[in-house]
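# prediction below, plus the sequence it came from.
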Amino acid sequence: MENPPAFALRRQKLLPALRDARAGAYLATALPNIRYLSGFTGSNAALLITDERAILFTDPRYRTQASRESDCEVRIAKGPLSSEIAVAVQRLRLKSIALERNRIGFEEYQVLASVLSGVRLKPISGAVEALRMVKSADEIAAIRNSVELNSKALDQALRQFKPSMTEVDLAAEIEYRMRRLGADGTAFDTIVASGERTALPHAHPARRPIERNQLLLVDMGANVAGYASDMTRTFGVGRPDAKMRRMYRAVLESQLAAIAAVKPGVTCAQVDRAARSVLRGYGLEKLFVHSTGHGLGLEIHERPRIGRKEAAKLEPGMAITIEPGVYQEGIGGIRIEDTVVVTSRGCEILTPTGKELALL
């Protein structure tokens, strides 16, 4: 948990977006944004921010938790949060409120529009997400802890691995190890795929045995103290053939080239281009079907996106993944992914797990 002054400072940094929108207040309804701005970790909340006040709305289940976690005024709603928000808006005599356009659902918007009749609602996009792109020292420490736990969980799970184990069983072993090591849970559904199924970038584990002389792909992430980690490794079970080894070498070189390109001032598109350039040299670029990476933090996918057309420039403190891959239907796929933090001169690779082709 970060210190209360950190949350107050973040809310202060949000105020320019409020002024740009010419709104009297900002209403956050996305739980990750509420956590970022207030420290509250409950499952039902809204946060109203003005120049001078921050009011956290939640329900009676979180009466004690909200006062302990958050540095904001706390209002407990006995009914819908929207009714309590309307009372506060009326007392504050607000004429306009900025809403999270990219986060609020249509039904939620309709409810707010109904209870806040006479108040102008101004949807704006990405104001809090833009602040979240650059992590504080405390956030980077939390992500580092998550990454290290994630790697330990994989190492422990692989000690239990043997050919004939099913994909589902290996995924369950990985998630069990995460929990035993102290994770709150997984950051996303663990991906375990073997053989031809490794050509499915987001394969769900199947109840099929992992056989010898084929590839095994594991994509996993832990959630530790609210912060996500993300790592992919591809292994050889037995001895993959020469074609698979060549594909692995290409992806590893691609990933290393992309990591070498990460530094302040470089655009996300340039990092993506570095990865694709290597794969093009191997004649494999068309088999790379997703972006090179993404930001992560309180959520597994955050800004910035490391993609072909992303003009955003990297800044020190950004935590991103680098994960090129190639996928050939009927044969298999390979992906290698690390979590890295942009530094003043380049980047630091947080993921400690080795990347040379390991044979199980």
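Arrived safely, thanks for sending. These numbers come from a predicted model, not from an experiment.
# would you confirm that residue 92 contacts residue 49?
No. Between residue 92 and residue 49 there is no contact, the gap being 11.2 Å when judged by CB atoms under 8 Å. Where you see a C-beta, it was placed from the backbone N, CA and C, and this is true even at glycine.
# quick one: which of these two has more around it?
Between residue 92 and residue 49, counted using other CB atoms under 10 Å, residue 49 has the larger neighbour count: 25 against 16.
# and the gap between residue 69 and residue 35?
For residue 69, the distance to residue 35 equals 9 Å [CB to CB, to the nearest Å].
# intersection of neighbour lists for those two?
residue 41 (CB atoms under 8 Å, 6 or more residues apart in numbering).
# and the helix or strand where residue 280 lies, what does it pack against?
Secondary structure from DSSP states H and E places residue 280 in helix 268-281. Secondary-structure packing of helix 268-281 (3 or more CB pairs under 8 Å, 6 or more residues apart in numbering; DSSP states H and E): helix 242-261, strand 302-306.
# what's the most buried one of those?
strand 302-306 (a mean of 21; mean count of other CB atoms under 10 Å).
# show me where the stretch 101-250 of the chain has helices.
106-115, 127-132, 137-159, 167-181, 242-261 (DSSP state H, counting those that start in this stretch).
# average pLDDT for the first one?
This points to helix 106-115. Averaged across helix 106-115, the pLDDT comes to 92.
# please save the CA atoms from that helix in PDB.
Below are the C-alpha coordinates for helix 106-115, written out as PDB (Å, rounded to 0.1, in the frame of the first residue of the first chain):
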ATOM      1  CA  PHE A 106     -24.300   2.700 -21.300                       C
ATOM      2  CA  GLU A 107     -26.700   1.700 -18.600                       C
ATOM      3  CA  GLU A 108     -24.600   3.300 -15.900                       C
ATOM      4  CA  TYR A 109     -24.400   6.400 -17.900                       C
ATOM      5  CA  GLN A 110     -28.200   6.500 -18.300                       C
ATOM      6  CA  VAL A 111     -28.700   6.100 -14.600                       C
ATOM      7  CA  LEU A 112     -26.300   8.900 -13.800                       C
ATOM      8  CA  ALA A 113     -27.900  11.100 -16.400                       C
ATOM      9  CA  SER A 114     -31.300  10.500 -14.800                       C
ATOM     10  CA  VAL A 115     -30.300  11.200 -11.200                       C
END
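# ok, residues contacting that helix?
27, 29, 80, 82-83, 85-86, 99, 104, 121, 123.
# quickly list what's touching both of residue 92 and residue 49.
residue 25.
# roughly how far does residue 271 sit from residue 143?
19 Å.
# just give me the neighbour total for residue 286.
For residue 286, the count of nearby residues is 10 (other CB under 10 Å).
# what residues are up against it?
If you count contacts by CB under 8 Å, 6+ apart, residue 286 has none.
# what kind of secondary structure is it in?
Applying DSSP: H, G, I helix; E, B strand; the rest coil to residue 286 yields a three-state assignment of helix.
# next one: it from residue 309, what distance?
From residue 286 over to residue 309 the distance is 18 Å, taken as CB to CB.
# quick one on the thing from earlier: just the contacts of helix 106-115: which are in helices?
82-83, 85-86 (DSSP state H).
# check these and tell me the two furthest apart.
Across the ones in helices among the contacts of helix 106-115, no pair lies farther apart than 83 and 85, at 7.2 Å, counting by CB to CB.
# quick one: which of these two has more around it?
Neighbours were counted for residue 83 and for residue 85 using other CB under 10 Å; residue 85 has more, 24 against 13.
# I'd say the more buried one and residue 47 touch.
No. Counting by CB under 8 Å, residue 85 sits too far from residue 47 to count as a contact (9.9 Å).
# cheers, nothing more for now.
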